[in-house]
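> please find the sequence and the predicted model below.
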Amino acid sequence: MRLRAWAWLALSSFVADLSWCATRPHYGGALAVDLSTTFNTLDPAELPPNLASSIAETLTAIDARGELEPRLAESWQREADGRRWRISLRTRVLFHDGQPLNATNTAPALLAALKKTHPDVVVTAGGQTLVIQSDQGLPNLPVELAAPAAAIIRTGEGSSIIGTGPFRVAGWEPGRKLTLAAFEDYWGGRPYLDSVAINLGSSGARADVFDIPFASARRILPENTRVWSSSPRELIVLVANGVEPAVVQALALSIDRVPIVNVLAQHRGEPAFGLLPEWLSGYEFLFETPPDLARAKQLISGVKLSPLTLSYPPTDSFARAVAERVALNARDAGITVQAVPGSNGKLRLVRWLLNSPDAARELDRLAVFLGVSLRVNYNGPPKLQSMFTFEGERAILDSNRIIPLVHLPLVYGLAPRVHSAEKSPSTGAFSLRLENLWVDP
(Lines give C-alpha, C1' and ligand atoms only; values in the text may rest on other atoms or scores of the structure.)
Protein backbone atom coordinates (compact mmCIF):
# COMPACT_ATOMS: atom_id res chain seq x y z
CA MET A 1 0.00 0.00 0.00
CA ARG A 2 1.38 3.36 -0.96
CA LEU A 3 1.80 5.63 2.05
CA ARG A 4 0.54 9.17 2.10
CA ALA A 5 2.98 11.95 1.28
CA TRP A 6 0.79 14.93 2.15
CA ALA A 7 2.51 15.74 5.43
CA TRP A 8 5.89 16.50 3.89
CA LEU A 9 4.37 18.58 1.10
CA ALA A 10 3.04 20.94 3.75
CA LEU A 11 6.61 21.62 4.74
CA SER A 12 7.27 22.40 1.09
CA SER A 13 4.35 24.81 1.10
CA PHE A 14 4.94 26.96 4.16
CA VAL A 15 7.88 28.76 2.55
CA ALA A 16 5.42 30.51 0.26
CA ASP A 17 4.06 32.46 3.23
CA LEU A 18 7.31 33.23 5.03
CA SER A 19 8.28 36.83 4.49
CA TRP A 20 11.78 37.79 3.42
CA CYS A 21 13.78 38.08 6.63
CA ALA A 22 15.84 41.21 7.14
CA THR A 23 18.52 39.13 8.87
CA ARG A 24 21.05 37.78 6.42
CA PRO A 25 20.95 33.97 6.03
CA HIS A 26 23.83 32.06 7.56
CA TYR A 27 25.24 28.56 7.45
CA GLY A 28 24.99 25.97 10.20
CA GLY A 29 22.41 24.54 12.53
CA ALA A 30 19.99 21.64 12.46
CA LEU A 31 16.30 21.62 11.54
CA ALA A 32 14.02 19.35 13.58
CA VAL A 33 10.78 18.14 11.97
CA ASP A 34 7.97 16.16 13.64
CA LEU A 35 5.50 14.37 11.35
CA SER A 36 2.42 12.58 12.61
CA THR A 37 2.50 10.33 9.54
CA THR A 38 5.11 7.77 8.59
CA PHE A 39 6.83 6.05 5.66
CA ASN A 40 8.86 2.86 5.51
CA THR A 41 10.89 3.22 2.33
CA LEU A 42 13.41 5.62 0.79
CA ASP A 43 12.35 4.78 -2.75
CA PRO A 44 11.86 8.24 -4.37
CA ALA A 45 8.66 6.99 -6.01
CA GLU A 46 7.19 6.35 -2.55
CA LEU A 47 8.65 9.32 -0.67
CA PRO A 48 6.88 12.67 -0.34
CA PRO A 49 7.90 14.54 -3.53
CA ASN A 50 9.84 17.45 -2.04
CA LEU A 51 11.66 15.23 0.41
CA ALA A 52 12.63 12.93 -2.45
CA SER A 53 14.07 15.82 -4.48
CA SER A 54 16.21 16.92 -1.55
CA ILE A 55 18.01 13.57 -1.69
CA ALA A 56 17.62 12.22 -5.21
CA GLU A 57 17.19 14.50 -8.22
CA THR A 58 15.51 14.01 -11.57
CA LEU A 59 16.69 15.00 -15.04
CA THR A 60 14.01 17.69 -15.30
CA ALA A 61 11.75 19.42 -12.74
CA ILE A 62 8.46 21.31 -12.53
CA ASP A 63 8.85 24.77 -11.01
CA ALA A 64 6.35 26.65 -8.81
CA ARG A 65 4.49 27.95 -11.86
CA GLY A 66 4.09 24.51 -13.42
CA GLU A 67 6.84 25.15 -15.99
CA LEU A 68 9.43 22.57 -16.99
CA GLU A 69 13.03 23.35 -16.04
CA PRO A 70 16.38 21.51 -16.30
CA ARG A 71 17.81 19.73 -13.28
CA LEU A 72 20.39 17.00 -13.90
CA ALA A 73 19.80 17.41 -17.63
CA GLU A 74 21.17 20.59 -19.17
CA SER A 75 19.10 20.23 -22.34
CA TRP A 76 16.95 17.82 -24.32
CA GLN A 77 16.17 17.50 -28.01
CA ARG A 78 13.22 15.76 -29.64
CA GLU A 79 13.91 13.65 -32.72
CA ALA A 80 12.00 11.29 -35.03
CA ASP A 81 8.58 12.78 -34.23
CA GLY A 82 8.98 12.15 -30.52
CA ARG A 83 10.08 8.53 -30.82
CA ARG A 84 13.64 9.47 -29.88
CA TRP A 85 15.07 12.03 -27.46
CA ARG A 86 18.66 13.14 -26.92
CA ILE A 87 19.43 14.22 -23.33
CA SER A 88 22.59 16.16 -22.42
CA LEU A 89 23.59 15.72 -18.75
CA ARG A 90 24.92 18.44 -16.51
CA THR A 91 28.67 18.26 -15.91
CA ARG A 92 30.50 18.37 -12.55
CA VAL A 93 27.68 16.62 -10.70
CA LEU A 94 28.66 14.11 -8.00
CA PHE A 95 26.73 11.33 -6.30
CA HIS A 96 26.84 11.38 -2.50
CA ASP A 97 29.63 8.78 -2.53
CA GLY A 98 31.79 11.00 -4.76
CA GLN A 99 31.17 9.19 -8.05
CA PRO A 100 30.71 11.61 -11.00
CA LEU A 101 27.36 11.59 -12.75
CA ASN A 102 27.55 10.34 -16.34
CA ALA A 103 25.31 8.63 -18.88
CA THR A 104 26.55 5.16 -17.96
CA ASN A 105 25.58 5.33 -14.26
CA THR A 106 22.40 7.29 -15.04
CA ALA A 107 20.98 4.85 -17.59
CA PRO A 108 20.08 1.90 -15.26
CA ALA A 109 17.80 3.89 -12.93
CA LEU A 110 16.26 5.75 -15.84
CA LEU A 111 15.60 2.60 -17.87
CA ALA A 112 13.98 0.84 -14.90
CA ALA A 113 11.63 3.80 -14.36
CA LEU A 114 10.64 4.19 -18.02
CA LYS A 115 10.07 0.45 -18.56
CA LYS A 116 7.07 0.62 -16.22
CA THR A 117 5.11 2.72 -18.71
CA HIS A 118 7.04 2.17 -21.96
CA PRO A 119 7.92 -1.56 -22.22
CA ASP A 120 9.77 -1.16 -25.54
CA VAL A 121 11.95 1.78 -24.45
CA VAL A 122 15.70 1.63 -25.07
CA VAL A 123 18.27 3.86 -23.34
CA THR A 124 21.70 4.25 -24.92
CA ALA A 125 24.53 5.85 -22.90
CA GLY A 126 27.62 7.64 -24.18
CA GLY A 127 29.71 10.15 -22.22
CA GLN A 128 27.32 12.80 -20.92
CA THR A 129 24.60 12.00 -23.49
CA LEU A 130 21.57 9.71 -23.21
CA VAL A 131 19.50 8.63 -26.21
CA ILE A 132 16.02 7.40 -25.30
CA GLN A 133 13.93 5.62 -27.95
CA SER A 134 10.51 3.98 -28.17
CA ASP A 135 8.60 2.86 -31.27
CA GLN A 136 5.36 3.78 -29.48
CA GLY A 137 6.47 7.40 -29.12
CA LEU A 138 7.46 9.51 -26.11
CA PRO A 139 5.65 12.83 -26.74
CA ASN A 140 5.72 13.92 -23.06
CA LEU A 141 9.09 12.47 -22.06
CA PRO A 142 10.56 15.68 -20.52
CA VAL A 143 7.54 15.86 -18.19
CA GLU A 144 7.81 12.16 -17.31
CA LEU A 145 11.47 12.68 -16.41
CA ALA A 146 10.40 15.13 -13.67
CA ALA A 147 8.47 12.45 -11.74
CA PRO A 148 10.04 11.22 -8.47
CA ALA A 149 9.88 7.68 -9.89
CA ALA A 150 12.44 8.78 -12.51
CA ALA A 151 14.96 10.04 -9.92
CA ILE A 152 18.57 9.08 -10.59
CA ILE A 153 19.78 6.94 -7.69
CA ARG A 154 21.95 4.01 -6.74
CA THR A 155 21.21 1.74 -3.78
CA GLY A 156 23.48 1.83 -0.76
CA GLU A 157 23.78 -0.29 2.39
CA GLY A 158 20.75 -0.91 4.58
CA SER A 159 18.26 -0.02 1.81
CA SER A 160 19.60 3.52 1.79
CA ILE A 161 19.86 5.49 -1.43
CA ILE A 162 22.73 7.35 -3.04
CA GLY A 163 21.55 10.40 -4.94
CA THR A 164 22.88 13.76 -6.10
CA GLY A 165 20.69 16.14 -4.08
CA PRO A 166 21.70 18.86 -1.60
CA PHE A 167 21.27 16.45 1.31
CA ARG A 168 22.52 12.89 1.77
CA VAL A 169 21.02 10.19 3.96
CA ALA A 170 22.95 10.13 7.24
CA GLY A 171 20.62 7.85 9.20
CA TRP A 172 17.50 5.83 8.47
CA GLU A 173 15.21 3.95 10.85
CA PRO A 174 12.24 2.79 8.71
CA GLY A 175 8.98 4.20 9.99
CA ARG A 176 10.71 6.07 12.82
CA LYS A 177 13.37 8.58 11.86
CA LEU A 178 15.24 9.96 8.84
CA THR A 179 18.37 12.06 9.29
CA LEU A 180 19.83 14.11 6.45
CA ALA A 181 23.23 15.80 6.31
CA ALA A 182 24.34 18.64 4.04
CA PHE A 183 26.17 17.41 0.94
CA GLU A 184 29.26 19.57 0.86
CA ASP A 185 29.97 18.93 -2.85
CA TYR A 186 26.46 19.58 -4.15
CA TRP A 187 26.64 21.02 -7.66
CA GLY A 188 24.13 23.75 -6.79
CA GLY A 189 26.07 24.94 -3.73
CA ARG A 190 26.14 23.71 -0.14
CA PRO A 191 22.80 24.12 1.70
CA TYR A 192 22.61 26.45 4.70
CA LEU A 193 21.54 23.77 7.17
CA ASP A 194 24.03 21.25 8.51
CA SER A 195 21.36 18.62 9.04
CA VAL A 196 17.64 17.83 9.09
CA ALA A 197 16.15 15.31 11.55
CA ILE A 198 12.66 14.06 10.66
CA ASN A 199 10.79 12.16 13.37
CA LEU A 200 7.99 10.00 11.95
CA GLY A 201 4.74 9.09 13.70
CA SER A 202 5.34 11.82 16.26
CA SER A 203 2.63 13.43 18.36
CA GLY A 204 4.90 16.15 19.75
CA ALA A 205 4.96 19.85 18.93
CA ARG A 206 8.42 20.91 20.09
CA ALA A 207 10.25 20.61 16.78
CA ASP A 208 11.10 23.55 14.52
CA VAL A 209 8.43 22.36 12.08
CA PHE A 210 5.51 20.02 12.79
CA ASP A 211 2.29 19.13 11.04
CA ILE A 212 -1.08 19.83 12.64
CA PRO A 213 -3.24 16.95 11.43
CA PHE A 214 -7.01 16.82 11.14
CA ALA A 215 -7.62 14.25 13.86
CA SER A 216 -9.39 13.79 17.16
CA ALA A 217 -6.08 14.03 19.01
CA ARG A 218 -4.62 17.44 18.21
CA ARG A 219 -1.26 18.90 19.08
CA ILE A 220 -0.95 21.44 21.90
CA LEU A 221 0.89 24.39 20.36
CA PRO A 222 3.78 26.07 22.20
CA GLU A 223 3.76 29.84 22.63
CA ASN A 224 5.00 31.93 19.67
CA THR A 225 4.23 29.14 17.19
CA ARG A 226 3.28 30.43 13.76
CA VAL A 227 0.44 28.44 12.23
CA TRP A 228 0.47 28.19 8.48
CA SER A 229 -2.44 26.90 6.40
CA SER A 230 -2.36 26.34 2.64
CA SER A 231 -5.06 26.57 0.06
CA PRO A 232 -6.65 23.12 -0.54
CA ARG A 233 -3.88 20.64 -1.34
CA GLU A 234 -5.36 17.27 -0.37
CA LEU A 235 -8.34 15.44 -1.81
CA ILE A 236 -10.29 12.88 0.23
CA VAL A 237 -12.30 10.51 -1.97
CA LEU A 238 -14.19 7.24 -1.93
CA VAL A 239 -12.92 4.72 -4.48
CA ALA A 240 -15.42 2.02 -5.49
CA ASN A 241 -14.44 -1.46 -6.63
CA GLY A 242 -17.11 -3.76 -8.04
CA VAL A 243 -20.02 -1.63 -6.82
CA GLU A 244 -23.14 -1.25 -8.94
CA PRO A 245 -22.99 2.14 -10.78
CA ALA A 246 -26.49 3.08 -9.61
CA VAL A 247 -25.42 2.47 -6.00
CA VAL A 248 -22.34 4.66 -6.43
CA GLN A 249 -24.48 7.43 -7.91
CA ALA A 250 -26.99 7.14 -5.08
CA LEU A 251 -24.24 7.17 -2.47
CA ALA A 252 -22.74 10.33 -4.00
CA LEU A 253 -26.15 12.04 -3.78
CA SER A 254 -26.68 10.95 -0.16
CA ILE A 255 -23.46 12.44 1.25
CA ASP A 256 -23.66 15.83 2.95
CA ARG A 257 -20.14 17.25 2.64
CA VAL A 258 -20.75 20.42 4.64
CA PRO A 259 -20.56 18.78 8.11
CA ILE A 260 -17.30 17.11 7.09
CA VAL A 261 -15.82 20.55 6.49
CA ASN A 262 -17.48 22.46 9.33
CA VAL A 263 -17.37 19.84 12.09
CA LEU A 264 -14.66 17.30 11.33
CA ALA A 265 -12.25 19.72 9.63
CA GLN A 266 -13.15 22.66 11.91
CA HIS A 267 -14.21 24.95 9.06
CA ARG A 268 -10.97 24.36 7.16
CA GLY A 269 -11.25 23.01 3.65
CA GLU A 270 -13.94 22.94 1.00
CA PRO A 271 -16.62 20.43 -0.04
CA ALA A 272 -15.31 18.51 -3.07
CA PHE A 273 -17.56 17.76 -6.02
CA GLY A 274 -14.74 17.59 -8.56
CA LEU A 275 -11.37 15.90 -8.31
CA LEU A 276 -9.36 19.11 -8.64
CA PRO A 277 -10.00 22.12 -6.35
CA GLU A 278 -11.38 25.32 -7.84
CA TRP A 279 -8.06 27.21 -7.49
CA LEU A 280 -6.36 24.57 -9.65
CA SER A 281 -8.97 23.79 -12.31
CA GLY A 282 -11.14 26.93 -12.42
CA TYR A 283 -14.23 24.85 -13.19
CA GLU A 284 -14.96 22.68 -10.13
CA PHE A 285 -18.18 24.60 -9.46
CA LEU A 286 -19.61 23.00 -12.61
CA PHE A 287 -19.67 19.61 -10.86
CA GLU A 288 -21.44 20.85 -7.72
CA THR A 289 -24.50 18.78 -6.81
CA PRO A 290 -26.36 19.22 -3.47
CA PRO A 291 -27.48 16.15 -1.48
CA ASP A 292 -30.69 14.66 -2.89
CA LEU A 293 -32.03 11.72 -0.87
CA ALA A 294 -35.18 11.42 -2.97
CA ARG A 295 -33.15 11.01 -6.16
CA ALA A 296 -30.74 8.62 -4.41
CA LYS A 297 -33.61 6.36 -3.32
CA GLN A 298 -35.07 6.46 -6.82
CA LEU A 299 -31.76 5.33 -8.37
CA ILE A 300 -31.56 2.22 -6.22
CA SER A 301 -35.27 1.37 -6.17
CA GLY A 302 -34.76 -1.53 -8.59
CA VAL A 303 -31.38 -2.68 -7.30
CA LYS A 304 -30.86 -5.64 -4.98
CA LEU A 305 -28.74 -4.08 -2.24
CA SER A 306 -26.05 -5.81 -0.23
CA PRO A 307 -24.16 -4.29 2.72
CA LEU A 308 -20.99 -2.45 1.63
CA THR A 309 -17.72 -2.33 3.54
CA LEU A 310 -15.95 1.04 3.60
CA SER A 311 -12.29 0.66 4.57
CA TYR A 312 -10.06 3.45 5.85
CA PRO A 313 -6.38 3.66 6.97
CA PRO A 314 -6.28 1.99 10.44
CA THR A 315 -4.17 4.66 12.17
CA ASP A 316 -5.96 7.67 10.64
CA SER A 317 -8.56 8.94 13.12
CA PHE A 318 -9.75 11.71 10.80
CA ALA A 319 -10.33 9.19 7.99
CA ARG A 320 -12.30 7.06 10.43
CA ALA A 321 -14.53 10.01 11.36
CA VAL A 322 -15.17 10.78 7.68
CA ALA A 323 -15.96 7.13 6.92
CA GLU A 324 -18.45 6.97 9.80
CA ARG A 325 -20.11 10.17 8.58
CA VAL A 326 -20.46 8.68 5.07
CA ALA A 327 -22.00 5.52 6.55
CA LEU A 328 -24.51 7.64 8.49
CA ASN A 329 -25.56 9.57 5.37
CA ALA A 330 -25.82 6.35 3.33
CA ARG A 331 -28.22 4.85 5.85
CA ASP A 332 -30.61 7.75 5.26
CA ALA A 333 -30.75 6.73 1.59
CA GLY A 334 -31.34 3.07 2.43
CA ILE A 335 -27.74 1.93 1.73
CA THR A 336 -25.99 -0.10 4.42
CA VAL A 337 -22.32 0.87 4.74
CA GLN A 338 -20.00 -0.46 7.45
CA ALA A 339 -16.82 1.55 8.15
CA VAL A 340 -13.89 -0.70 9.06
CA PRO A 341 -10.11 -0.21 9.30
CA GLY A 342 -8.08 -1.73 6.49
CA SER A 343 -7.82 -1.50 2.71
CA ASN A 344 -9.95 -4.30 1.26
CA GLY A 345 -13.44 -2.81 1.28
CA LYS A 346 -15.52 -2.48 -1.86
CA LEU A 347 -15.39 1.18 -0.91
CA ARG A 348 -12.05 2.66 0.14
CA LEU A 349 -11.40 6.07 1.66
CA VAL A 350 -8.27 7.49 0.03
CA ARG A 351 -6.31 10.67 0.81
CA TRP A 352 -4.77 12.01 -2.39
CA LEU A 353 -2.02 14.62 -2.37
CA LEU A 354 -1.85 17.29 -5.08
CA ASN A 355 1.85 17.60 -5.88
CA SER A 356 1.79 19.82 -8.97
CA PRO A 357 0.29 23.25 -9.72
CA ASP A 358 -0.74 21.99 -13.16
CA ALA A 359 -4.33 20.71 -13.52
CA ALA A 360 -3.63 18.50 -16.54
CA ARG A 361 -0.74 16.68 -14.90
CA GLU A 362 -2.66 16.17 -11.66
CA LEU A 363 -5.59 14.68 -13.55
CA ASP A 364 -3.22 12.40 -15.42
CA ARG A 365 -1.78 11.14 -12.11
CA LEU A 366 -5.28 10.41 -10.82
CA ALA A 367 -6.14 8.54 -14.02
CA VAL A 368 -3.06 6.35 -13.65
CA PHE A 369 -3.96 5.64 -10.01
CA LEU A 370 -7.48 4.57 -11.02
CA GLY A 371 -6.30 2.58 -14.02
CA VAL A 372 -8.22 4.81 -16.43
CA SER A 373 -6.86 5.29 -19.93
CA LEU A 374 -6.42 9.04 -20.04
CA ARG A 375 -3.44 10.97 -21.37
CA VAL A 376 -3.59 14.75 -21.20
CA ASN A 377 -1.90 16.59 -24.07
CA TYR A 378 0.52 18.90 -22.25
CA ASN A 379 1.65 20.52 -25.48
CA GLY A 380 -1.69 21.89 -26.62
CA PRO A 381 -2.84 25.53 -26.42
CA PRO A 382 -3.88 26.55 -22.86
CA LYS A 383 -7.57 27.01 -23.74
CA LEU A 384 -7.83 23.63 -25.44
CA GLN A 385 -5.87 21.97 -22.66
CA SER A 386 -8.30 23.33 -20.05
CA MET A 387 -11.25 22.03 -22.06
CA PHE A 388 -9.60 18.64 -22.48
CA THR A 389 -8.88 18.49 -18.75
CA PHE A 390 -12.52 19.27 -17.94
CA GLU A 391 -13.73 16.54 -20.30
CA GLY A 392 -11.20 14.10 -18.86
CA GLU A 393 -12.27 14.83 -15.29
CA ARG A 394 -15.93 14.45 -16.20
CA ALA A 395 -15.15 11.09 -17.82
CA ILE A 396 -13.46 9.86 -14.63
CA LEU A 397 -16.38 10.99 -12.49
CA ASP A 398 -18.88 9.42 -14.91
CA SER A 399 -17.07 6.09 -14.60
CA ASN A 400 -18.75 5.74 -11.16
CA ARG A 401 -15.51 4.60 -9.57
CA ILE A 402 -14.72 7.62 -7.43
CA ILE A 403 -16.69 10.03 -5.20
CA PRO A 404 -14.95 13.27 -4.14
CA LEU A 405 -15.68 14.28 -0.56
CA VAL A 406 -13.55 17.21 0.61
CA HIS A 407 -10.52 19.29 -0.31
CA LEU A 408 -8.31 20.02 2.70
CA PRO A 409 -5.50 22.48 3.36
CA LEU A 410 -2.19 21.46 4.88
CA VAL A 411 -1.57 22.98 8.32
CA TYR A 412 1.81 23.36 10.01
CA GLY A 413 3.31 24.87 13.10
CA LEU A 414 6.57 26.79 12.65
CA ALA A 415 9.07 27.85 15.27
CA PRO A 416 10.20 31.52 15.14
CA ARG A 417 13.79 30.44 14.36
CA VAL A 418 12.91 29.00 10.92
CA HIS A 419 13.54 31.23 7.89
CA SER A 420 13.77 30.93 4.13
CA ALA A 421 16.49 32.48 1.99
CA GLU A 422 14.24 32.33 -1.06
CA LYS A 423 11.63 34.91 -1.93
CA SER A 424 8.28 33.29 -2.60
CA PRO A 425 7.08 33.06 -6.22
CA SER A 426 3.67 34.54 -6.85
CA THR A 427 2.05 31.14 -7.30
CA GLY A 428 3.20 29.85 -3.94
CA ALA A 429 3.20 26.46 -2.52
CA PHE A 430 5.15 24.00 -4.61
CA SER A 431 8.60 25.60 -4.51
CA LEU A 432 10.37 24.59 -1.32
CA ARG A 433 13.96 23.42 -1.56
CA LEU A 434 15.53 22.45 1.75
CA GLU A 435 18.84 23.99 0.71
CA ASN A 436 17.21 27.44 0.99
CA LEU A 437 16.13 27.06 4.62
CA TRP A 438 18.15 28.35 7.56
CA VAL A 439 17.62 28.64 11.30
CA ASP A 440 18.62 31.03 14.07
CA PRO A 441 21.28 29.66 16.44
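Okay, I see it. Since the model is a prediction, treat every value here as computed from it, not as a measurement.
> just after the worst-scoring helix or strand of the chain on mean pLDDT, pick out the following helix or strand.
Within the chain, no helix or strand scores below helix 6-13, which has a mean of 46 by mean pLDDT, DSSP states H and E. Downstream of helix 6-13, the first helix or strand assigned by DSSP states H and E is strand 30-34.
> so what are the sheet partners of that following strand and their directions?
strand 195-199 (parallel), strand 209-211 (parallel) (DSSP bridges).
> buried ones in it?
Judged by neighbour count (16 or more other CB atoms under 10 Å), strand 30-34 contains these buried residues: 31-34. In short, each C-beta sits where N, CA and C put it, glycine included.
> again with stretch 316-326
Buried residues in stretch 316-326 (16+ other CB under 10 Å): 316, 318-326.
> just stretch 263-279 next, same as before
Neighbour counts over stretch 263-279 (16+ other CB under 10 Å) mark 264-265, 268-278 as buried.
> part of a strand, is Phe273?
No. Using DSSP: H, G, I helix; E, B strand; the rest coil, the assignment for Phe273 is coil, not a strand.
> these two touch, right, it and Ser281?
No. Here Phe273 does not reach Ser281: they are 11.2 Å apart, not a contact under CB atoms under 8 Å.
> what's the closest non-adjacent residue to Pro313?
Ala319 (5.3 Å; CB to CB, 6 or more residues apart in numbering).
> could you check the pLDDT of the closest residue to Trp76 other than its chain neighbours?
Leaving aside its sequence neighbours, Trp76 sits nearest to Ile87 (CB to CB, 6+ apart; 5.0 Å). If you check Ile87, the pLDDT there is 97.
> just give me the neighbour total for Ile87.
Ile87 sits with 25 neighbouring residues when counted by other CB atoms under 10 Å.
> which SSE is it in?
For Ile87, the host element (DSSP H and E) is strand 84-89.
> again, but for Glu69
Going by DSSP H and E, Glu69 is in strand 68-70.
> chain center to that strand: distance?
With CA atoms, centre = their mean, to the nearest Å as the basis, strand 68-70 stands 19 Å off its chain's centre.
> so what strands line up beside it?
strand 60-62 (antiparallel).
> which other residues reach the partner strand?
Strand 60-62 is contacted by residues 53, 68-71, 73, 76, 142-143, 145-146, 356-358, 361, 430 when judged by CB atoms under 8 Å, 6 or more residues apart in numbering.
> ok, 7 Å please
Residues outside strand 60-62 that contact it (CB atoms under 7 Å, 6 or more residues apart in numbering): 68-71, 73, 142, 145-146, 356, 358.
> whichever of these end up buried, select them in PyMOL.
Here is the PyMOL selection string for the buried members of the contacts of strand 60-62, based on 16+ other CB under 10 Å:
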select buried, resi 68+71+73+142+145+146+356+358
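> with distance to Glu46 and pLDDT as extra columns, can I get the contacts of strand 60-62 in a markdown table?
Putting those into a markdown table (distance: CB to CB, whole Å; pLDDT from 0 to 100) gives the following:
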| residue | distance to Glu46 | pLDDT |
| --- | --- | --- |
| Leu68 | 23 | 84 |
| Glu69 | 24 | 91 |
| Pro70 | 25 | 96 |
| Arg71 | 20 | 96 |
| Ala73 | 23 | 97 |
| Pro142 | 23 | 90 |
| Leu145 | 18 | 92 |
| Ala146 | 17 | 88 |
| Ser356 | 17 | 67 |
| Asp358 | 22 | 72 |
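> tell me the one of the contacts of strand 60-62 nearest Glu234?
Lowest distance from Glu234 to the contacts of strand 60-62 (CB to CB) belongs to Ser356, with 13.4 Å.
> between the contacts of strand 60-62, which is closest to Glu244?
Of the contacts of strand 60-62, the one sitting nearest to Glu244 (CB to CB) turns out to be Ser356, at 33.6 Å.
> which residues of the stretch 301-441 of the chain fall in helices?
317-332, 359-370, 382-398 (DSSP state H, counting those that start in this stretch).
> need the nearest residue in space to Ile255, chain neighbours excluded.
Per CB to CB, 6+ apart, closest to Ile255 is Asn329, 4.9 Å.
> burial count for that neighbour?
Quick note: Asn329 (other CB under 10 Å) scores 22 neighbours.
> quick one: residues contacting it.
254-256.
> re the thing from before, and of the helices of the stretch 301-441 of the chain, who's closest to Ser311?
Among those, helix 317-332 comes nearest to Ser311, with 8.0 Å by CB to CB.
> Lys289: neighbour count?
Just so we're on the same page, residue 289 is Thr rather than Lys. With other CB under 10 Å as criterion, Thr289 counts 9.
> before we move on, what about Ala294?
Using other CB under 10 Å, the number of residues around Ala294 comes to 9.
> what about it, helix or strand, and which?
Following DSSP H and E, one finds Ala294 within helix 293-299.
> cool, Val247 as well?
Using DSSP H and E, Val247 sits in helix 245-254.
> isn't Leu353 right next to Ile236, touching?
No. Under the criterion of CB atoms under 7 Å, Leu353 is not in contact with Ile236, lying 10.7 Å apart.
> neighbour count winner among those two?
Set side by side, Leu353 and Ile236 show more neighbours around Ile236, with 24 against 19, by other CB under 10 Å.
> ok, back up a step: from Ala296, how far off is the residue nearest to Ile255?
9 Å (CB to CB, to the nearest Å).
> between those two, what contacts are shared?
Ser254.
> still on that earlier bit, now the residue nearest to Trp76, which residues is it bridged with?
Here Ile87, judged by DSSP bridges, has bridge partners Trp76, Leu130.
> list the contacts for it?
Applying CB under 7 Å, 6+ apart, the residues near Ile87 are 59, 73, 76, 129-130, 132.
> make TSV from those and add distance to Ala109 to it.
Output for these, formatted as TSV (distance: CB to CB, whole Å):
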residue	distance to Ala109
Leu59	10
Ala73	14
Trp76	17
Thr129	16
Leu130	11
Ile132	13
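> just the buried subset of those residues, please.
Here, 16+ other CB under 10 Å leaves 59, 73, 76, 130, 132 buried among the contacts of Ile87.
> do you know how far the second one is from Glu57?
The reference is to Ala73. 10 Å.
> quick check: the most far-flung residue of the chain relative to its centre vs Val247, distance?
Most distant from the centre of the chain: Gly302, at 40.2 Å, with distances by CA atoms, centre = their mean. In this view, Gly302 and Val247 are 11 Å apart by CB to CB.
> same question for Leu138.
Taken as CB to CB, the span from Leu138 to Val247 is 40 Å.
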